[in-house]
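In: Give me the fold of what follows.
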Amino acid sequence: MADASAPRTAARSGGSGAALVAAGILTSRVLGFVRDAVLAHVLGTTPTAGALRAALRIPNLLQNLFGEGALSASFIPVYSRFRADGDDARAVETAGAVFALLALLSATLVALGVTFAAPLVAVLTPGFDAPMRAFTTSLVRIMFPGVGLLVLSAWCLGILNSHRRFFLAYASPALWNVAIIAVVLLGTRTTLEDGARLFAWGALLGSALQFLVQLPAVLRLVRGLRPVPTLSPPGVRTVLRNFVPALGSRGAAQLSGFVDLQIASLVSAGAVAALGLSQTITMLPVSLFGMAVTAAELPAMSAVAGDEAARHAALRARLEASQRRIAFFVVPSAVAFLTLGDAIAAALYRSGRFGASDARWLWGILAAAAVGLLASTLGRLTSSAFFALQDTRTPLRTALVRIAVGIALAWQGALVLPSALGVEARWGAAGLTLAGGIAGWLEFVLLRRRLASRIGAIRGLGTALVPLWGAALAAAGAAWTLRTLLVPAGVPTRLEAVALLAIYALAYGAVTFGLGLPEARALVARVMRRGNRRG
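Out: Numbering: from 1, shown residues only. Below you'll find the predicted structure:
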């Protein structure tokens, strides 16, 4: 029989780890918004901004493919299992060999990326003209060496996560943002192209800083590390065996990103820029709540001991507690995107070349993205359960289904639907995010059904969502009541937008606390404890 205290224990242990991950991510994401605010001020949604966004997507997509996602799925479960079994020597041996192999892979990626940047840009941005492709290629070549450093940074993250050192791993990308902000603001800019080049050089510098700031802590944790590129240790072979399907799963997801970039370039270069700004916003709840909980849970779920029945019961307990924590924050995020998207855009970016029309455009993209926001975050959590079971093939198969459906929907939504509805072609950018959301729900349902057939039904989500949606809609009503008084027409200013969003957040917190939701009570208790400690 499963221990009745298991869900409470899972919630406490997972919650503390997730809080550290969230704190690190929040530090980085806040600076990410500052970075994008600087970018929006300097470049707006101009074609030059679109070229920069396209150039940034290419190396980042490859880093995401070979770096954190696939590596976390394959390396952390093996390394954590060795440590849980007390076999530290085997853990260190595996870590050293994996680092050496990643270093070789990174060097190869950089060489190929710099050499073949021009044809890669041509394939991925078919809507750009020749001068725009040439400029994008020059930016890619500046940033591509950073891919190798970010892949090695992902190895550091795997070590730190396995040792429950969450904050540094997820706060280190803040240095990437700081470097970009500093280089853009302190560098000499006489043209829009100058601003884009400064951004690229700042990204390269930030990649180096992100890796180097983690390395000393990792070396202190992994004593006697010997980076030898060998396939002999059993742990390394297990990592590689899991890495290949994990790479395929991540590859399917990154293929979707590449296709989105291609389709967006056919809409307009400005659409590429607008999508980049919207993705920074939509990734905040996905990262802050979905990735935070998932990153904290993966090493914990991987280290669960006992027979199969006990492990499955523990996994269900952790998943049930985690999905409620995720939904508590992601549901109001989705409602905010749908009802207050222009206020969010105005609060973050309204300055310089980014005006009211850009904010309304971004609202449409965010509203469409809201459809799949909860599915994206819960899908990450569900995939992590398969990774903890060292099953990387099931997420791959479901990802392939999602990608096939998503590509078909994206083409229709971005390039066909605007004409059918009689709206401007630029609104095809919203069609892209809507297509991704629908495909995300399909993937989540498939993953959840497969996992339930393996470990048993995961309960509690449906009953948790009803009060959350109700509270979020009530909070949106309160914010819109204030809006009719402050901003009877048009897009709010930055100050007005901040006031609207603050009212929304406070109203949601008050309603959920009044309903007695445990996540709201726990959040208030945590804030009060911190206030008492400071006092």
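
In: C-alpha only now, for contacts and for neighbours.
Out: Will do.

In: which stretches of the stretch 251-400 of the chain have low pLDDT?
Out: 251-255, 291-292, 294-306 (pLDDT under 70).

In: What ranges does it have for its helices?
Out: For the stretch 251-400 of the chain, applying DSSP state H, counting those that start in this stretch gives helices covering 269-285, 292-302, 308-349, 356-369, 373-388, 393-411.

In: Next: the stretch 401-535 of the chain.
Out: So, for the stretch 401-535 of the chain - with DSSP H, counting those that start in this stretch - the helices run 417-421, 428-455, 461-486, 494-514, 518-534.

In: looking at the ones you listed, which is buried most?
Out: Per residue and on average, the most neighbours among the helices of the stretch 401-535 of the chain fall to helix 428-455, with a mean of 22 (mean count of other CA atoms under 10 Å).

In: can you state the direction angle for it and helix 393-411?
Out: 160 degrees (axes from the mean of the first three to the mean of the last three CA atoms, to 10 degrees).

In: Out of the helices of the stretch 401-535 of the chain, which gets the lowest mean score?
Out: Among those, helix 518-534 has the lowest mean pLDDT, at a mean of 75.

In: Dump that helix to PDB, keeping only the CA atoms.
Out: This file holds the C-alpha atoms of helix 518-534, laid out as PDB (Å, rounded to 0.1, in the frame of the first residue of the first chain):
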ATOM      1  CA  PRO A 518      -3.600  24.600  -0.700                       C
ATOM      2  CA  GLU A 519      -1.200  26.100  -3.300                       C
ATOM      3  CA  ALA A 520      -2.400  29.600  -2.500                       C
ATOM      4  CA  ARG A 521      -2.200  29.000   1.300                       C
ATOM      5  CA  ALA A 522       1.300  27.500   0.900                       C
ATOM      6  CA  LEU A 523       2.400  30.500  -1.200                       C
ATOM      7  CA  VAL A 524       1.200  33.000   1.400                       C
ATOM      8  CA  ALA A 525       2.800  31.000   4.200                       C
ATOM      9  CA  ARG A 526       6.100  31.000   2.400                       C
ATOM     10  CA  VAL A 527       6.000  34.700   1.800                       C
ATOM     11  CA  MET A 528       5.100  35.400   5.500                       C
ATOM     12  CA  ARG A 529       8.000  33.100   6.700                       C
ATOM     13  CA  ARG A 530      10.500  35.000   4.600                       C
ATOM     14  CA  GLY A 531       9.100  38.300   5.800                       C
ATOM     15  CA  ASN A 532       9.400  37.100   9.400                       C
ATOM     16  CA  ARG A 533      13.000  36.000   8.900                       C
ATOM     17  CA  ARG A 534      13.900  39.400   7.400                       C
END
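
In: Which neighbouring elements make contact with it?
Out: Under the contact definition 3 or more CA pairs under 8 Å, 6 or more residues apart in numbering; DSSP states H and E, helix 518-534 sits against helix 308-349, helix 494-514.

In: for stretch 129-146, what is the average pLDDT?
Out: 92.

In: Distance to L215 and mean neighbour count added to the helices of the stretch 251-400 of the chain, as JSON lines?
Out: Converted to JSON lines, those look like this (distance: least, CA to CA, whole Å; neighbours: other CA atoms under 10 Å):
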{"stretch": "helix 269-285", "distance to L215": "26", "mean neighbour count": "23"}
{"stretch": "helix 292-302", "distance to L215": "19", "mean neighbour count": "27"}
{"stretch": "helix 308-349", "distance to L215": "30", "mean neighbour count": "23"}
{"stretch": "helix 356-369", "distance to L215": "36", "mean neighbour count": "23"}
{"stretch": "helix 373-388", "distance to L215": "25", "mean neighbour count": "24"}
{"stretch": "helix 393-411", "distance to L215": "31", "mean neighbour count": "20"}
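
In: Please tabulate these in a markdown table, including the columns distance to R29.
Out: Shown next, in a markdown table, are these (distance: least, CA to CA, whole Å):
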| stretch | distance to R29 |
| --- | --- |
| helix 269-285 | 7 |
| helix 292-302 | 12 |
| helix 308-349 | 12 |
| helix 356-369 | 17 |
| helix 373-388 | 16 |
| helix 393-411 | 26 |
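
In: So which of these is nearest L150?
Out: Checking the helices of the stretch 251-400 of the chain against L150 by CA to CA gives helix 292-302 as the closest, at 17.6 Å.

In: among the helices and strands packed on helix 518-534, which is nearest L52?
Out: helix 308-349 (16.9 Å).

In: what distance separates the closest one from the middle of the whole chain?
Out: 13 Å (CA atoms, centre = their mean, to the nearest Å).

In: ok and it relative to helix 373-388, angle-wise?
Out: Using the same axes, to 10 degrees: helix 308-349 against helix 373-388 is 140 degrees.
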